[in-house]
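Engineer: Sequence unavailable; structure follows:
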């Protein structure tokens, strides 16, 4: 039987400083963050929904709560590269931990769980991963509700749960998807505080049964003008960059007829670091040089299903 280290990257207890700062830097996603907090809190600790109903709808049974009881603890984060979905998947647990006042344990699946091609290997590894999560989830469930929450992140989920309708799909891959679906259903049936987050650039490649089970699908796009302004203002704070320069940067990093706009990571991992490296160590960042960099740099190309 595979060990925890064979199945997952090192487990991280949240909140912790690195991911907490990463969550804070994801500006422009306020609506997504708020909805994600509500969805995650209700799935991880259903008593809060019951408390809400008793507070605001006293006097009888609220039938609508039954609809939530049947939801699988599964979120799909879909969108273009560099749109912030993986960063949010690994950091929203910091916000959830503070909101619920509970520790959140971050589990990240290793892609090696796809196995080495031996018959039945992938099915076994995926089954063992979910069995481990269910076991730990039961340990986290006490008589007074959850004492901690587990967040299980599957990055590049299309590599593991590709649609079984694909003609060229190998039997082993189909069996792996079946094992994944069984794992999701097992968590839903056990009512344990485990949330599964699947991230993908190719949402169209995911198996339809995965999509049907998802409690929520969050779609991430490239930042619009207001979101780019928020990212730039936050990242350039303290550098003395003029407001007119920020406005021009917003324009330069937006989409044109010939190319898409910048992604979040284009702004935070390429443009701003490039400006700092250009100035370091002998001069400050100057407005004109920052504008020149933004004009010369090309945004990441749009990821398409055909590009995979």
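Structural biologist: Good, I have the coordinates. This one's a predicted model, so the numbers in the text were calculated from it and none came from an experiment.

Engineer: From now on I want contacts and neighbour counts done on CA atoms only, so please keep to that.
Structural biologist: Will do.

Engineer: quick one: the helices in the stretch 151-300 of the chain?
Structural biologist: Ranges of helices within the stretch 151-300 of the chain are 171-190, 208-213, 225-235, 243-252, 264-265, 272-279, 287-296, based on DSSP state H, counting those that start in this stretch.

Engineer: Quick check: mean pLDDT of the longest one?
Structural biologist: Confidence over helix 171-190 (mean pLDDT, whole number) is 88.

Engineer: contacting residues around the spatially most central residue of the chain?
Structural biologist: Ranked by distance to the mean C-alpha position of the chain (C-alpha atoms, centre = their mean), the top residue is residue 89 at 2.5 Å. Residue 89 sits next to 77, 153, 197, 199 when contact means C-alpha atoms under 8 Å, 6 or more residues apart in numbering.

Engineer: One more: residue 176?
Structural biologist: Under the criterion of C-alpha under 8 Å, 6+ apart, the neighbours of residue 176 are 114, 122, 123, 126, 160, 161.

Engineer: Touching, the fifth one and residue 175? I think so.
Structural biologist: So the one you mean is residue 160. No. Using C-alpha atoms under 8 Å, residue 160 is not in contact with residue 175; the gap is 10.5 Å.

Engineer: Looking at those two, which has the bigger crowd around it?
Structural biologist: Neighbours per residue, other C-alpha atoms under 10 Å: of residue 160 and residue 175, the larger number sits with residue 160, 22 against 19.

Engineer: so how far is residue 205 from that one?
Structural biologist: Per C-alpha to C-alpha, to the nearest Å, residue 160 is found 10 Å from residue 205.

Engineer: same question, residue 182
Structural biologist: Relative to residue 205, residue 182 is positioned 19 Å away (criterion: C-alpha to C-alpha).

Engineer: In terms of neighbours, single out the busier of the two.
Structural biologist: Neighbours per residue (other C-alpha under 10 Å) separate residue 182 from residue 205, with residue 205 holding more: 18 against 15.

Engineer: so where's the stretch 201-308 of the chain uncertain?
Structural biologist: 304-308 (pLDDT under 70).

Engineer: Repeat the analysis, applying 50 as the threshold.
Structural biologist: When the per-residue scores of the stretch 201-308 of the chain are filtered using pLDDT under 50, the ranges that remain are 307-308.

Engineer: ditto for the stretch 51-200 of the chain
Structural biologist: Low-confidence segments of the stretch 51-200 of the chain, defined by pLDDT under 50: none present.

Engineer: For the nearest residue to residue 265 once chain neighbours are set aside, pull up the helix or strand it's in.
Structural biologist: Nearest in space to residue 265, with sequence neighbours left out and distances taken as C-alpha to C-alpha, 6 or more residues apart in numbering, is residue 82 at 4.9 Å. Using DSSP states H and E, residue 82 is not contained in any helix or strand.

Engineer: Give the burial count for residue 82, as a bare number.
Structural biologist: Residue 82 has 23 neighbouring residues, counting by other C-alpha under 10 Å.

Engineer: for residue 279, same thing?
Structural biologist: Residue 279: 15 surrounding residues under other C-alpha under 10 Å.

Engineer: And residue 157, by the same measure?
Structural biologist: Neighbour count of residue 157, defined by other C-alpha under 10 Å: 23.

Engineer: what sits against it?
Structural biologist: Counting by C-alpha under 8 Å, 6+ apart, residue 157 makes contact with 198, 199, 200, 206.

Engineer: for the contacts of residue 176, which one is nearest residue 236?
Structural biologist: Sorting those by distance to residue 236 puts residue 160 at the head of the list, at 38.6 Å, by C-alpha to C-alpha.

Engineer: dump the residue contacts of residue 76.
Structural biologist: 197, 198, 199, 200, 211, 214, 216, 217, 218.

Engineer: what does residue 245 give?
Structural biologist: Shown here is residue 245, whose contacts under the criterion C-alpha under 8 Å, 6+ apart are 287, 291.

Engineer: what's the distance between it and residue 260?
Structural biologist: Residue 245 sits 21 Å away from residue 260 when distances are taken as C-alpha to C-alpha.

Engineer: Likewise for residue 272?
Structural biologist: The separation that residue 272 has from residue 260, given C-alpha to C-alpha, amounts to 19 Å.

Engineer: ok, the two, which is more surrounded?
Structural biologist: residue 272 (20 against 16).

Engineer: The more buried one and residue 234 touch, don't they?
Structural biologist: No. With contact defined as C-alpha under 8 Å, residue 272 does not count as touching residue 234 (11.1 Å).
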